[in-house]
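Undergrad: fold the following.
(one chain, ligands or ions: 1)
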Amino acid sequence: MNFQLKTFEEYKAAYRRSVEDPEGFWGEVAEHFHWYRPWKSVLEWEFDTPDVKWFNGGKTNITYNCLDRHLDTRGDQVAILWEPNNPQGEAIRLTYRQLYHEVCRTANALKSLGVGKGDRICFYMPMVPELTIGLLACARIGAVHSVVFAGFSAQSLADRINDSACKLVICSDYNARGAKNIPVKQVVDDALAMGCPSIEKVMVLRHTGEKVNWDNNLDVWWHDVVSGQPAACPPAEMDAEDLLFILYTSGSTGKPKGVVHTVGGYMVFAAYTFLNVFQYQEGDVFWCNADVGWITGHSYIVYGPLLSGATSLMFEGVPTYPDAGRFWEVCEKHRVNIFYTAPTAIRALMAMGDEWAEGHDLSSLRVLGSVGEPINAEAWHWYHEKIGRKNCPIVDTWWQTETGGILISPLAGLTPLKPNYASLPLPGVQPCLIDANGQEIEGDGVEGMLCMKFPWPGILRSTYGDHERCRQTYFETFPGKYFTGDGARRDEDGYYRIIGRADDVIKVSGHRIGTAEVENAINEHDLVVESAVVAFPHNIKGQGIYAYIITDKPVTDFPKFEREVLATVARIIGPIAKPDVIQVVPGLPKTRSGKIMRRILRKVAEGDTSNLGDTSTLLNPEVVAEIIAGARR
Ligand code: WTA
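TA: Next comes the predicted model:
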């Protein structure tokens, strides 16, 4: 697709054009894709309701664009290159033609189970080729996928299944991760036992081969329903604004919400950002090592690369198994050209010493990427020197589940780099900074809340089943603008530096976790009366979770209490949300209106109590000294 920009000048020209004539700009990009019927309008939008439609009236199928379209030109090229958890295991190479046949068979299998257009299908799977195949099989027939990260608990899985009334859940017997095999089918069984009335079948991939409980009325084996299906399946002609997928993510309040992405705009944006940010060249091996359970995996393992005819490496394992050289061993083994990971992984590997990277031939690497949280200067330089050997640009890509694709990032090799800066907006992206009064801050050397003034094709369309929540969360704070939840700074070159969340969302090892969710989980423990959760800076994870807890009886055995609280959080949300620090407190600092003063709790958690600001307006100023005295960091 020849919308790849080749120089910084071309980027600047494209950016100008995209602002002056967004419809002309995106209309031309979209023409590179296959449409059964052209759109009637490129863009219709307003940010009040909100109501955003891209390529409205157009008909397409994203899998036609990921698969069928490539068969003549690159049918025998590897589409998915799978590296197993076990380093002795065999890599799998699926060509575009093989992937096409597998997707068609699986789509036919889904149909045979009664799945049709618009039905929601939940995935709770390891990082195996069948996950990608399954997602594409849904998209082939117009079913909507909802992937739940396989580290979430049965309760979280049940909540997500029920929120969007999924008809089918697809899982494996066990997941292989590091030295452990994790019984995922059991988690699905547990979730269903909690009550998931919409589920008609559970489709189970035999992966590790371990024994699982089986319900003949409910459970079907993947291989039983898929093998024997015809290897062709006509793509459903989808409206550009039909749902493609739902992906649950955490916000500052309440339960996770199902972010809704639609077919046409997401397709155009995923491919446009992939080709431009990473500057993928024909024949490159691209490795994004996020999990498909997060948006990064959706857009840059599955859709962006396949739409672009790329070879996408999918890795089942973890960075430190069997040792801290695993990533670099895989890069060497598969001659990876573009490598995309999270700062937390970089920091963890950096802490284990340079020797793990030094022994490997990393000369194939050309571009390095970072995503999910701010990358600190130390990690940036280590990545640049020890992994990139000073030859590879680092693209620090800023975006969100809600944005569908990358919004602010250097274009590899084109944009001059500054460590710590996500740098410049992609064409079509119009950021602005807003002050506390809702006024746009002009000029440079300024800081504010990061908002978007204009829609881009990958913007979320709704939150599933609750459009009003979408309006309140993203479009109400600053009327007429999309509010990202992040704070940012803009320098004299117009470069953006992301400061971090301005709301009650924590990024722990790049995972997005709402403080309210963690508090609700902690409060389930019998002894707990109330809790407050804040983030603190963590050397490896970026942010850690600090929980202040009020109990109704004195805690006599603290280690036991701590273990129980952690187990409660793991049971209700999942191990990724377990607090790093727990402190039992006599009270929480509250304003006269009963609001918890989190500012004070954050300061204590950061270990900086020199300037707590004005505490005289508190209802209970006396607790502050007690909290400081009992601080556990
Ligand atoms: C944070 C992940 C700084 C940010 C794709 C955002 C980043 C949230 C960066 C979205 C980056 C993501 N620099 N912060 N390059 N990328 N973030 O939905 O706070 O899991 O709002 O999407 O991650 O997290 P999400």
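
Undergrad: show me what residue of the stretch 101-250 of the chain gets nearest to the ligand.
TA: Nearest residue of the stretch 101-250 of the chain to the ligand: residue 249, at 5.2 Å (C-beta to the nearest ligand atom). C-betas here are computed from N, CA, C, even on glycine.

Undergrad: mind listing what that residue touches?
TA: Residue 249 makes contact with 256, 257, 259, 295, 401, 402, 512 under the criterion C-beta atoms under 8 Å, 6 or more residues apart in numbering.

Undergrad: excluding chain neighbours, what is closest to it?
TA: The shortest distance from residue 249 to any non-neighbouring residue, by C-beta to C-beta, 6 or more residues apart in numbering, is to residue 401 (4.2 Å).

Undergrad: pretty sure that neighbour contacts residue 246?
TA: No - Residue 401 is beyond contact range of residue 246, at 10.5 Å (criterion: C-beta atoms under 8 Å).

Undergrad: any residues in contact with both of the two?
TA: residue 259.

Undergrad: more crowded one of these two?
TA: Each of residue 401 and residue 246 has its neighbours counted (other C-beta atoms under 10 Å); residue 246 has more, 25 against 19.

Undergrad: how far away is the residue nearest to residue 249 from residue 226?
TA: According to C-beta to C-beta, to the nearest Å, residue 401 and residue 226 sit 30 Å apart.

Undergrad: what does the stretch 501-633 of the chain put close to the ligand?
TA: Listed as neighbours of the ligand in the stretch 501-633 of the chain under the rule C-beta under 6 Å from any ligand atom: 501, 507, 512.

Undergrad: give me that answer again for 5 Å
TA: Listed as neighbours of the ligand in the stretch 501-633 of the chain under the rule C-beta under 5 Å from any ligand atom: 501, 512.

Undergrad: mind checking how far the longest helix seen in the chain is from the chain centre?
TA: Scanning the chain for the longest helix, with DSSP state H as the assignment, gives helix 96-112. With C-alpha atoms, centre = their mean, to the nearest Å as the basis, helix 96-112 stands 26 Å off its chain's centre.

Undergrad: name the helices or strands packed onto it?
TA: On a contact count with 3 or more C-beta pairs under 8 Å, 6 or more residues apart in numbering; DSSP states H and E, helix 96-112 meets helix 71-74, strand 78-83, helix 129-141, helix 222-226.

Undergrad: next secondary structure after that helix?
TA: Where DSSP states H and E defines the elements, the next helix or strand beyond helix 96-112 is strand 120-124.

Undergrad: for the record, mean pLDDT for that following strand?
TA: Per-residue pLDDT over strand 120-124 has a mean of 98.

Undergrad: show me what that strand packs onto, helices and strands only.
TA: Identification of packing neighbours for strand 120-124 by 3+ C-beta pairs under 8 Å, 6+ apart yields helix 129-141, strand 144-147, helix 154-163, strand 168-172, helix 184-193.

Undergrad: so which of those comes closest to residue 452?
TA: Nearest to residue 452, of all the helices and strands packed on strand 120-124, is strand 144-147, at 25.0 Å by C-beta to C-beta.

Undergrad: relative to the closest one, what are the paired strands and their orientations?
TA: Strand 144-147 has these partner strands in its sheet, going by DSSP bridges: strand 120-124 (parallel), strand 243-249 (parallel).

Undergrad: what's the average pLDDT for that strand?
TA: 98.

Undergrad: and it, anywhere near the ligand?
TA: No - figure legend: strand 144-147 not in contact with the ligand (C-beta under 5 Å from any ligand atom); closest approach 13.0 Å.

Undergrad: now tell me what touches that strand from outside.
TA: Counting by C-beta under 8 Å, 6+ apart, residues outside strand 144-147 touching it are 118-125, 131, 134-135, 138-139, 160, 164, 166, 243-248, 258, 292-293, 297-298.

Undergrad: stretch 290-303 now?
TA: The contact list for stretch 290-303 (C-beta under 8 Å, 6+ apart) reads 62, 66, 125, 127, 131-132, 135-136, 147-151, 245, 247, 249, 259, 266-267, 270-271, 273-274, 286, 288, 312, 314, 340-342, 371-372, 399-401, 404-405, 458, 511.

Undergrad: which members of those residues are positioned in helices?
TA: Per DSSP H, the contacts of stretch 290-303 map to helices at 62, 66, 131, 132, 135, 136, 266, 267, 270, 271, 273, 274.

Undergrad: the second one: neighbour count?
TA: Using other C-beta under 10 Å as the criterion, residue 66 is surrounded by 29 other residues.

Undergrad: is it true that it touches residue 133?
TA: No - contact between residue 66 and residue 133 fails when scored by C-beta under 8 Å: they sit 11.3 Å apart.

Undergrad: which single residue of the stretch 301-450 of the chain ends up nearest the ligand?
TA: Closest point on the stretch 301-450 of the chain to the ligand, by C-beta to the nearest ligand atom, is residue 401, at 3.4 Å.

Undergrad: tell me who's in contact with that residue.
TA: 247, 249, 259, 294, 295, 460, 512.

Undergrad: now do the helices in the stretch 201-350 of the chain.
TA: With helices called from DSSP state H, counting those that start in this stretch, the stretch 201-350 of the chain shows them at 222-226, 263-277, 295-297, 304-307, 326-333, 343-351.

Undergrad: how about CSV for those helices, with mean neighbour count, mean pLDDT and distance to the ligand added?
TA: What follows is those, written out as CSV (neighbours: other C-beta atoms under 10 Å; pLDDT from 0 to 100; distance: least, C-beta to the nearest ligand atom, whole Å):
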stretch, mean neighbour count, mean pLDDT, distance to the ligand
helix 222-226, 17, 98, 28
helix 263-277, 28, 98, 11
helix 295-297, 25, 98, 5
helix 304-307, 28, 98, 12
helix 326-333, 20, 98, 19
helix 343-351, 22, 97, 8
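
Undergrad: quick one: the nearest residue to residue 241 once chain neighbours are set aside from residue 417, how far?
TA: With C-beta to C-beta, 6+ apart as the criterion, residue 241 has its nearest non-adjacent residue at 4.9 Å, and that residue is residue 262. Distance, residue 262 to residue 417, using C-beta to C-beta: 34 Å.

Undergrad: compare neighbour counts for the two and give me the winner.
TA: residue 262 (27 against 16).

Undergrad: quick one: that one and residue 268 touch, right?
TA: No - counting by C-beta under 8 Å, residue 262 stays clear of residue 268, with 11.0 Å between them.

Undergrad: joint contacts of these two?
TA: residue 54.

Undergrad: what's the neighbour count on residue 546?
TA: Neighbours of residue 546 under the rule other C-beta under 10 Å: 26.

Undergrad: assign a three-state SS to it, would you?
TA: strand (DSSP: H, G, I helix; E, B strand; the rest coil).

Undergrad: per-residue confidence at residue 621?
TA: Here, the pLDDT recorded for residue 621 equals 89.

Undergrad: once you drop chain neighbours, what's closest to it?
TA: Using C-beta to C-beta, 6+ apart and skipping residues adjacent in sequence, the residue nearest residue 621 is residue 615, 5.0 Å away.

Undergrad: how much space between that neighbour and residue 536?
TA: Following C-beta to C-beta, the distance that separates residue 615 from residue 536 is 19 Å.

Undergrad: between the two, which is the more surrounded one?
TA: Each of residue 615 and residue 536 has its neighbours counted (other C-beta under 10 Å); residue 536 has more, 20 against 16.

Undergrad: who's in contact with the nearest residue to that one once chain neighbours are set aside?
TA: Leaving aside its chain neighbours, residue 536 sits nearest to residue 605 (4.0 Å; criterion: C-beta to C-beta, 6+ apart). Contact analysis of residue 605 by C-beta under 8 Å, 6+ apart lists 534, 535, 536, 546, 581, 631, 633.

Undergrad: check what pLDDT residue 605 gets.
TA: Turning to residue 605, the model gives it a pLDDT of 96.
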